[in-house]
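K.L.:
Quick one, fold the following:
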Amino acid sequence: MPWRACSVMEERLRFVARRLDGEAMSDVCREFGISRKTGYKIFHRYREEGLDALADRSRRPVRYANQLPGQTERLIVELKRDKPHWGARKIRELLVRKLAGDVRIPAKSTVHAVLDRHGLVQRARERRNRAQGTPLSAGAAPNDLWCADFKGEFKLGNGRYCHPLTVSDQASRYLLLCEALESTREGPVIAAFQRLFRERGLPFAIRSDKGLPFASPNGLYNLSRLSVWWLGLGIAIERIQPGHPQQNGRHERLHLTLKREATRPPGANILQQQEKFDAFRNEFHAERPHAALAMKCPAEPYTASPRPPAGLPELEYPFHDREILVTACGRICMHSKTINISTVLAGQKLGIKEVDDGIGLVSFRHYDLGSIDLEQRTWQTIDNPFGTRLSPMS
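P.N.:
The predicted structure is shown next:
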């Protein structure tokens, strides 16, 4: 076999093995110096045709059987079926003991690829009963679903800008909050929701768009500190798809009315504007009938949530192997090794369950976030468990 053909195939095999180990396509392509398009082509060919697809197609096909005899491959499969909970590293060690001195022992990545081709590799991302993304719900009863958004900013009489934070109940149209804020910074928004939760209790879900501070373009799964706090209280998060404001249509219609009746003309300053918002809320609740409510006012069908703002009890993971706290800098420490997770989860308790040799599944509450390789100290996310992705790549 020509040396170049062998080296190309080995490079592709190493590339595929890294992907099978759970590393992100973009990271592996960057390290191998190839485009993502080329990376996906190599990986898809392997998925469809097996190891033969990794041979250089511009030359005479190089069959993997010339490198790994059929009896060796069959032995790998037999060993795995005999030891179903052993990974490629341990299976290779068995090969060393059985075949040392007789034939060439394949690398761990080769053993892993053989096991995967025979359907004998269990990866964390294929774990059954994994939590799925939350679909957009109907919000049929009060406090089933709240809708949150920032109405577009506008200039006050003193030249400063006002950013109205609004929260409404999907079922009753009740305007729970209309707060005149000077920015969309996370701190004041969290403080506003704290007051709202104390007054009205907790909803089962909150729907928002992809904007800050409801989501973060740089956070894990686009989570922000605000949305992680909601999850910690037992509130599901819902996201509308980018460019689909109709998925939050009732709330958008409320914004049109709010803009027409409470911002023209604007208040002279932020305090006067808040007074205008408060007057609008009082009229909207108690005086304005809604055709969708059989001409009732929102205050008639709405009742406060019975769920206390204390949220869920102390977080525990009884079905995981261990619990671990995320540090202030977004890391976890295991076996004297530091692994970066995400700063948005700082202070949160995670559960870790070993699903393969040296591979741990990481969970936050009932959501599976990804897997960690304790030997390589790498972190690999899985399919987004929080519904529609918010990044521009979605």
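K.L.:
V362 touches D368, doesn't it?
P.N.:
Yes. Counting by CB atoms under 8 Å, V362 touches D368, with 7.4 Å between them. All C-beta spots, glycine's among them, are computed from the backbone N, C-alpha and C.
K.L.:
what's near enough to touch S35?
P.N.:
Residues near S35 by CB atoms under 8 Å, 6 or more residues apart in numbering: C29.
K.L.:
Model confidence at it, what's the number?
P.N.:
According to the prediction, S35 has pLDDT 83.
K.L.:
Quickly note the distance from it to M25.
P.N.:
According to CB to CB, to the nearest Å, S35 stands 11 Å off from M25.
K.L.:
of V362 and D368, who's got more company?
P.N.:
Neighbour count, other CB atoms under 10 Å: between V362 and D368, V362 has more, with 25 against 21.
K.L.:
Secondary structure element holding the more buried one?
P.N.:
Here V362 sits within strand 359-364, counting by DSSP states H and E.
K.L.:
got the CA coordinates for the helix or strand that that strand is followed by in CSV?
P.N.:
Using DSSP H and E, the helix or strand that follows strand 359-364 in sequence is strand 367-373. In CSV, the C-alpha atoms belonging to strand 367-373 read as follows (Å, rounded to 0.1, in the frame of the first residue of the first chain):
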residue,chain,number,x,y,z
TYR,A,367,-32.1,18.8,31.4
ASP,A,368,-29.1,16.9,30.0
LEU,A,369,-26.5,19.5,29.1
GLY,A,370,-23.6,17.5,27.6
SER,A,371,-20.8,15.1,28.4
ILE,A,372,-17.3,15.5,29.8
ASP,A,373,-14.2,13.4,29.1
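K.L.:
And the next helix or strand past strand 367-373?
P.N.:
With elements assigned by DSSP H and E, the helix or strand that comes after strand 367-373 is strand 378-381.
K.L.:
Remind me what that following strand packs against, helices and strands.
P.N.:
strand 337-340, strand 367-373 (3 or more CB pairs under 8 Å, 6 or more residues apart in numbering; DSSP states H and E).
K.L.:
contact partners of that strand?
P.N.:
Residues outside strand 378-381 that contact it (CB under 8 Å, 6+ apart) are 22-24, 220-221, 339-341, 362, 369-373.
K.L.:
Contact partners for G87?
P.N.:
H112, D356, D357, G358, I359.
K.L.:
Could you give the backbone dihedrals for it?
P.N.:
Here is the backbone geometry of G87 (degrees, to the nearest 10): phi -90, psi -180.
K.L.:
In terms of pLDDT, where does it sit?
P.N.:
82.
K.L.:
Now whatever helix or strand E48 lives in: buried residues?
P.N.:
For E48, the element it lies in under DSSP H and E is helix 36-49. The neighbour-count check on helix 36-49 (16 or more other CB atoms under 10 Å) flags G39, I42, F43, R45, Y46 as buried.
K.L.:
try stretch 224-240
P.N.:
By 16+ other CB under 10 Å, the buried positions in stretch 224-240 come out as 224-233, 235-240.
K.L.:
Between the two ends of it, how far is it?
P.N.:
Stretch 224-240 has its terminal residues 16 Å apart, counting by CA to CA, to the nearest Å.
K.L.:
Would you mind pulling the contact partners of the helix holding E48?
P.N.:
If you take CB under 8 Å, 6+ apart as the criterion, helix 36-49 is touched by R12, F15, V16, R19, M25, S26, V28, C29, F32, A53, L54.
K.L.:
Looking at those residues, point me to the pair that's furthest apart.
P.N.:
The two members of the contacts of helix 36-49 with the most space between them (CB to CB) are S26 and A53, at 21.7 Å.
K.L.:
more neighbours, these two?
P.N.:
A53 (19 against 11).
K.L.:
Quick check: next helix or strand after the helix or strand hosting T72?
P.N.:
Here T72 sits within helix 70-82, counting by DSSP H and E. Of the helices and strands lying after helix 70-82 in sequence (DSSP H and E), the nearest is helix 88-99.
K.L.:
Name the next helix or strand downstream of that next one, please.
P.N.:
Scanning forward in sequence from helix 88-99 by DSSP H and E, the next helix or strand is helix 108-117.
K.L.:
Direction included, what does the helix or strand following that next one pair against?
P.N.:
Scanning forward in sequence from helix 108-117, with DSSP H and E defining helices and strands, the next element found is strand 146-150. Strand 146-150 has the following strand partners under DSSP bridges: strand 161-169 (antiparallel), strand 205-208 (parallel).
K.L.:
Show me what strand 146-150 is in contact with.
P.N.:
Here strand 146-150 makes contact (CB under 8 Å, 6+ apart) with 163-170, 176, 184, 203, 205-209, 211, 214, 248, 250-252, 255.
K.L.:
Show me what the helix or strand just after it packs onto, helices and strands only.
P.N.:
As assigned by DSSP H and E, the chain's next helix or strand after strand 146-150 is strand 154-155. Other helices and strands packing on strand 154-155, by 3+ CB pairs under 8 Å, 6+ apart, are strand 161-169.
K.L.:
What's the mean pLDDT across the next helix-or-strand element following the strand it packs on?
P.N.:
Remark: after strand 161-169, the chain's next helix or strand is strand 175-181, criterion DSSP H and E. For strand 175-181, mean pLDDT rounds to 95.
K.L.:
quick check, distance from strand 175-181 to the centre of its chain.
P.N.:
Centroid displacement of strand 175-181 relative to its chain, using CA atoms, centre = their mean, to the nearest Å, is 28 Å.
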